[in-house]
Every structure is written in C-alpha cells, then in structure tokens.
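# no FASTA, just this:
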C-alpha cells in the first residue's frame, strides 16, 4: 500500500506531531500536512511536482523534529532509467541548502555521490563498490578536501541481503557494527 501518515514521538513516547499525505486521481502524492496531537494544522505543503514519467521532482524536505514545522523542500532530476541524478534542497523561501549529485554504472547501480554546498564547494562524497553478483559490499567516504574519512563494509547473504555493516573511521578503527 501507499504511505498515508506518520506519527512522531518524544523520548517518553508522547505524541509530538502527525503527518498525513493526500493523493490525487493519478495516485500521486499531492498534499503533506502536519498536525498537533489535538488536530491543529502546523504546516502544509501542496507544491508536489512530477515529471512526464511520473517521478516525484518536488516534495517536502525537512521537518523540525520538535515541532513538526516544515522548513524546506527538494527538487530532483532523473535520468532515463528513473535514477535520481541531481537533487537540491531549499528553504521554504527558495534559498538553496544542499546539492547532491549521483552517478550510476551501466547496470544502474549507484557508484558515486557528492554533497555540495550551494556555492559549489564539495562537502563530502562517497564511492560505492559491488561484488561480481552486483551486491553492495562497500562504501568509501571522503571529506570536502577529497581525503578518505571512513568506510563501510557490507556482508551479504547468498541472495544479496545485508547481514551486517561494519563502519570504520579514516584510520581503520571500527566505529560500529549494524546487524540486519
């Protein structure tokens, strides 16, 4: 099914706010509304946009976690295969926040991601690595100067499902293990 709403709670499991989605006759998301626990509207977004292929090219971006207030939106561009290749985030007044640039291989697998500041300087980038079966096995992360600042190794089962992710910092010290 399609997503119709979300509830957000504080650390004591008290409801902070709710988000509801509405859909148009083409079954595309058309409205985003956040509410207080007693039903008062906090924020609304009705400027969803879609390209000719039905890809969502504009949507809400960031919700203030403590209040449910919408603070921005995203614009996306897709390649002919439906992969996001360019994404901008904006404040509600149109001021750019971040720019993401995605690159894919001939099989449609993400190989490179850059996050840039609005003026163009690099914030960070990531390189994605796959095994001979096409399963993600690693991600190398780089800082804004292009220097490695960590990596992740993925252990997969025979069907390519992640079993574990091991995260390392730039000197190879293990930071975390995530089991799936």
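Nice, thanks for sending it over. Bear in mind that the values here come from a model prediction, so they are computed numbers and not experimental data. Numbering: from 1, shown residues only.
# Spatially central residue for this structure, please.
Taking C-alpha atoms, centre = their mean, the centroid of the chain lies closest to residue 61, which sits 9.2 Å from it.
# gap between that residue and residue 97?
8 Å (C-beta to C-beta, to the nearest Å). Backbone N, C-alpha and C define where each C-beta goes, glycine included.
# Overlap of the contact sets of those two?
72, 89-90 (C-beta atoms under 8 Å, 6 or more residues apart in numbering).
# Now, of the residues you listed, which are buried?
72, 89-90 (16 or more other C-beta atoms under 10 Å).
# So which of these is the closest to residue 45?
When those are compared for distance to residue 45 (C-beta to C-beta), residue 72 comes out closest, at 9.8 Å.
# In this structure that closest one contacts residue 91, no?
Yes. Taking contacts as C-beta atoms under 8 Å, residue 72 lies within contact range of residue 91: 5.2 Å.
# Residues touching the helix or strand hosting residue 137, excluding its own?
Assessed by DSSP states H and E, residue 137 sits inside strand 136-143. Here strand 136-143 makes contact (C-beta under 8 Å, 6+ apart) with 109, 124-131, 148-154, 156, 162.
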